[in-house]
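> need coordinates for the following:
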Amino acid sequence: MAEITAGMVKELRERTDAPMMDCKKALTEAEGDMTRAEEILRVRFGNKASKAAGRVAAEGTVGISISADGKTGAMVEVNSETDFCAKNQDFVNFVNELAAVIASNKPADIADVAGLKMGSATVEENRTVLVGKIGENITPRRFLRADAQGKLYSYVHGSKIGVVVDLVGGDEALGKDIAMHIAAAKPKSLDASGVDAALIEAERRVAIEKAKEAGKPDAMLEKIAEGTVQKFLKEVTLLSQPFVKDDKQSIEQLLKSKNASVASFTMYVVGEGIEKVVTDFAAEVAAAAKI
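Modelled structure (predicted):
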């Protein structure tokens, strides 16, 4: 039997918002497997227990730069320690200039970005100066550098969510609408072919377990699971999603009406997937009082 630590229970609790004892029971049943424990909680509590994947866990800003003709562009995420730093104008200027530098070059990876020229110095030299000025760790995390099949359009929501869309056909209004929709609806892929098979399988397993608990006959389990998977795919694939500005038509229908198509899209949510240390000030004070 795997040891279930308080840290494991805390992590599962943060991932799912499920009650602490239920988290411990799920981990025990899953023999310490965090992914399996999360699935067990989803069976018990529904989709509420899968929200952690989209939780923002670090500060920073997304910057986007697209050429005047829309044929090339870049998007970059730069992380900081606090939101105060992320709103600093020098930091914002650095992020936006960095996006322009990446768009004008073709770095192979984030390590290559450090050596690119930004004005009279390199990106790394500029970053070091900014760290010294603001007093926080500042780290370029990831970037997209794109050459469009059609034309690139973008949308940034509150500096925390950035979207770049490669739209073939259509016009600027459509491109901006699609980019805004992606920021709001957060699709995982263009269509079902782009969804991770592991995610689909997890949905299938959860559906089967929930159907069993509801007393459904074995002969119906696969049909129920398939229906759940198809509903899931409709919710997470861009072409199948209802358009946020007119939910009576899907994105696919909207594109067809404009004789357009989406070649690709990329969305960054600042801090997505990074664990953020949360300080409980009241607990610290209480602990200090006991010393």
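> residue 6 and residue 33, how far apart?
Residue 6 sits 17 Å away from residue 33, going by Cβ to Cβ, to the nearest Å. Placement of C-beta: from N, CA and C, glycine included.
> between the two, which one's more packed in?
The neighbour comparison of residue 6 against residue 33 (other Cβ atoms under 10 Å) goes to residue 33, with 14 against 9.
> just give me the longest helix of the chain.
Longest among the helix segments of the chain by residue count, using DSSP state H, is helix 218-236.
> where does pLDDT dip in the stretch 51-200 of the chain?
Along the stretch 51-200 of the chain, segments meeting pLDDT under 70 span 51-57.
> sec struct for residue 268, please.
Recorded secondary structure, residue 268: strand (DSSP: H, G, I helix; E, B strand; the rest coil).
> residue contacts, it?
Listed by Cβ atoms under 8 Å, 6 or more residues apart in numbering, the contact set of residue 268 reads 62, 75, 77, 142, 144, 161, 162, 163.
> wasn't the last one part of a strand?
Yes. When three-state DSSP is applied, residue 163 is found to be in a strand.
> and the chain, what are its domains?
The domain map for the chain lists 1-55, 59-164+264-269, with the assignment taken from automatic domain parsing.
> what's the most buried one of those?
Ranked by mean neighbour count, these are led by domain 59-164+264-269 with a mean of 18 (mean count of other Cβ atoms under 10 Å).
> and that domain, how far from the chain's centre?
Distance of domain 59-164+264-269 from the chain centroid (Cα atoms, centre = their mean, to the nearest Å) equals 17 Å.
> measure it end to end?
The stretch domain 59-164+264-269 measures 10 Å between its terminal residues, going by Cα to Cα, to the nearest Å.
> same question for stretch 159-172.
Stretch 159-172 end-to-end distance (Cα to Cα) = 21 Å.
> report the separation between the closest residue to residue 83 other than its chain neighbours and residue 72.
Closest residue to residue 83 in three dimensions, ignoring its sequence neighbours and counting by Cβ to Cβ, 6 or more residues apart in numbering: residue 59, at 4.8 Å. Remark: distance between residue 59 and residue 72 (Cβ to Cβ) = 29 Å.
> equivalent analysis for residue 147, please.
6 Å.
> residue 166 touches residue 151, doesn't it?
Yes. Residue 166 is in contact with residue 151 according to Cβ atoms under 8 Å; the separation is 7.4 Å.
> follow-up on the earlier one: looking at the domains of the chain, which is closest to residue 229?
Closest to residue 229 of the domains of the chain, according to Cβ to Cβ: domain 1-55, at 13.8 Å.
> now do the strands in the stretch 1-150 of the chain.
Under the criterion DSSP state E, counting those that start in this stretch, the stretch 1-150 of the chain carries strands at the ranges 59-66, 72-80, 117-118, 121-122, 139-147.
> for the last one, packing partners?
Applying 3 or more Cβ pairs under 8 Å, 6 or more residues apart in numbering; DSSP states H and E, we find strand 139-147 packed against strand 72-80, helix 89-104, helix 110-113, strand 161-168, strand 261-269.
> CA atoms only for it - export them in CSV, please.
In CSV, the C-alpha atoms belonging to strand 139-147 read as follows (Å, rounded to 0.1, in the frame of the first residue of the first chain):
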residue,chain,number,x,y,z
THR,A,139,11.9,34.7,-17.2
PRO,A,140,10.8,34.2,-20.8
ARG,A,141,9.0,30.9,-20.7
ARG,A,142,7.7,30.0,-24.2
PHE,A,143,7.0,31.4,-27.5
LEU,A,144,5.2,30.9,-30.9
ARG,A,145,6.8,32.0,-34.1
ALA,A,146,4.5,31.6,-37.1
ASP,A,147,4.4,31.9,-40.8
